[in-house]
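Participant: Build me a model from this:
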Amino acid sequence: MKGLSKKGFDIQFFAEEDSGIAAQVKEIAEGIGAAFEEYRKTNDARIEELKKGGQAGELETKLAKIEADVQTLEKARSALEAKLNRPGLVGGGDDNPDRAAYRKAFEGFVRKGNDAGLAELQIKAVQVGVDGDGGYAVPEELSRTIYELEGPGSPMRQVCTVLQIGTEEFRQLVDLGGAASGWVGETAARPDTNTPQLGEVSPVFGEIYAQPKATQKSLDDIFFNVESWLAASVAKEFAMQENTAFTIGNGTNKPKGLLAYPAALTADGARAFGTLQYFRTGVAAGFPATSPSDLLIDVIHGIKPGYRAGAVWMLNGLTLAQVRKWKDSDGNYLWQPGLTLGVPSAILGYGYVEN
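Facilitator: Below you'll find the predicted structure:
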């Protein structure tokens with residue numbers, strides 16, 4: 001490697017590492033394919049046993065184990081694919097000497113509680129004025145890494161649009177339609193037509209924070225990469241809290257979750273703006289006993305064609321386990337494993353996220 005700069009070495013190292021990760025993803029995908037084949041055979045045998053009036057207890061147990069293995073493999077593949085798109089390693093170099101000095105001082109503060117000069121360094125490094133009793137800002141690089149690590153751990157963040165904004169006074173205009181037109185002769189009068197309407201979406205904001213505490217003795221004994229540890233731990237907690245808020249949050253000091261908005265059975269154009277449409281299963285806490293997958297087809301075609309292109313299913317673990325067992329009229333499973341890098345497993349041709 002003589003003659004290569006450190007930056008050049010890092011680039012080659014990452015390229016070699018990424019190649020290894022891609023090979024691992026391929027190997028996992030092959031494992032998913034093999035597990036799915038075993039799952040199919042076992043489930044077919046289970047169905048036949050139930051038709052004969054048997055209990056199929058052993059087959060149910062085997063099916064559950066295979067299903068758990070498939071979920072484990074899929075999570076491993078998702079983690080590796082996320083690593084391929086990682087922003088970089090925590091604790092890397094910084095071309096700005098002030099930020100580099102602040103990072104070093106911040107680590108000393110975390111390890112030893114030594115805050116000498118941190119306030120002055122913070123003003124220079126992150127351009128934030130802080131008095132002597134104020135807190136110290138998390139270094140920019142560590143903060144950015146926490147943000148990047150949140151993504152793979154938060155199902156809602158994976159499928160939602162993420163915007164960087166500088167103020168809570170954010171408004172998104174939405175075209176509600178309503179424009180009208182008509183046919184006229186070449187010289188006929190052209191009366192006014194209806195004007196399209198606009199709606200406004202205003203997200204509910206909140207602030208999530210972490211303020212962990214540790215004994216001085218434990219800080220003195222820390223021998224590993226403190227930044228990586230903090231980033232991973234805080235990101236995991238943030239992802240869990242954020243995902244919960246964006247799913248069922250009540251909007252008080254936190255986002256308003258998807259399931260907290262009003263819902264109705266009426267289709268587009270017939271229900272109020274801001275109200276979500278839903279489809280009934282017809283069975284309390286379950287799916288219909290006969291042709292349960294018909295409901296999924298109704299959902300797909302109940303959405304305007306323009307919205308289907310980027311659509312994904314979102315299910316909890318128990319619902320996903322149920323859907324995986326369904327077949328179409330030709331005996332094909334609705335769930336199909338993704339066996340290629342970047343191609344996710346799908347239900348009726350659409351990807352899914354387990355939440």
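Participant: Residue 188 belongs to a helix?
Facilitator: No - judged by DSSP: H, G, I helix; E, B strand; the rest coil, residue 188 forms no part of a helix; its state is coil.
Participant: per-residue confidence for it?
Facilitator: pLDDT recorded at residue 188 is 91.
Participant: which phi and psi does it have?
Facilitator: Torsion angles at residue 188 (phi, psi; degrees, to the nearest 10) stand at phi -70, psi 160.
Participant: what about it, how many neighbours?
Facilitator: Summarising burial for residue 188: neighbours were counted as other C-beta atoms under 10 Å, giving 9. Quick note: C-beta positions are derived from backbone N, CA and C, even for glycine.
Participant: Same question for residue 260.
Facilitator: 15.
Participant: Same check on the one 4 residues further on?
Facilitator: Summarising burial for residue 264: neighbours were counted as other C-beta under 10 Å, giving 12.
Participant: My guess is it contacts residue 274. True?
Facilitator: No - in this structure, residue 264 is not within contact of residue 274 by C-beta atoms under 8 Å, at 10.7 Å.
Participant: can you give me phi and psi for residue 64?
Facilitator: phi -60, psi -40.
Participant: show me the contacts for it.
Facilitator: residue 321 (C-beta atoms under 8 Å, 6 or more residues apart in numbering).
Participant: go on, residue 262?
Facilitator: 272, 274-276.
Participant: likewise residue 291?
Facilitator: Counting by C-beta under 8 Å, 6+ apart, residue 291 has no contacts.
Participant: Tell me which entries of the contacts of residue 262 lie within strands.
Facilitator: residue 276 (DSSP state E).
Participant: Can you lay out the contacts of residue 262 as JSON lines showing pLDDT?
Facilitator: As requested, the contacts of residue 262 are exported to JSON lines (pLDDT from 0 to 100):
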{"residue": "272", "pLDDT": "87"}
{"residue": "274", "pLDDT": "85"}
{"residue": "275", "pLDDT": "90"}
{"residue": "276", "pLDDT": "91"}
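Participant: right, and the pair among the contacts of residue 262 with maximum separation?
Facilitator: 272 and 276 (10.4 Å; C-beta to C-beta).
Participant: Neighbour count: the two, which is higher?
Facilitator: residue 276 (11 against 8).
Participant: Run through the strands of the stretch 201-350 of the chain in chain order.
Facilitator: Along the stretch 201-350 of the chain, counting by DSSP state E, counting those that start in this stretch, strands occupy 263-264, 276-277, 313-315, 335-336, 346-347, 350-354.
Participant: Residue 71 is nearest to which of the ones you listed?
Facilitator: So among the strands of the stretch 201-350 of the chain, strand 350-354 is nearest, using C-beta to C-beta, at 7.7 Å.
Participant: which regions of the stretch 151-300 of the chain sit below the pLDDT cut-off?
Facilitator: 151-152, 211-228 (pLDDT under 70).
Participant: er, the stretch 1-150 of the chain I mean
Facilitator: Using pLDDT under 70, the stretch 1-150 of the chain drops low at 1-19, 82-150.
Participant: what sits in contact with each of residue 272 and residue 276?
Facilitator: 262, 264.
Participant: mind listing what residue 208 touches?
Facilitator: Applying C-beta under 8 Å, 6+ apart, we find residue 208 in contact with 238, 241-242, 245, 254.
Participant: repeat that with 10 Å
Facilitator: 150, 234, 237-238, 241-242, 245, 253-255 (C-beta atoms under 10 Å, 6 or more residues apart in numbering).
Participant: any idea where the helices of the stretch 201-350 of the chain begin and end?
Facilitator: 216-221, 226-248, 294-301, 305-308, 317-323 (DSSP state H, counting those that start in this stretch).
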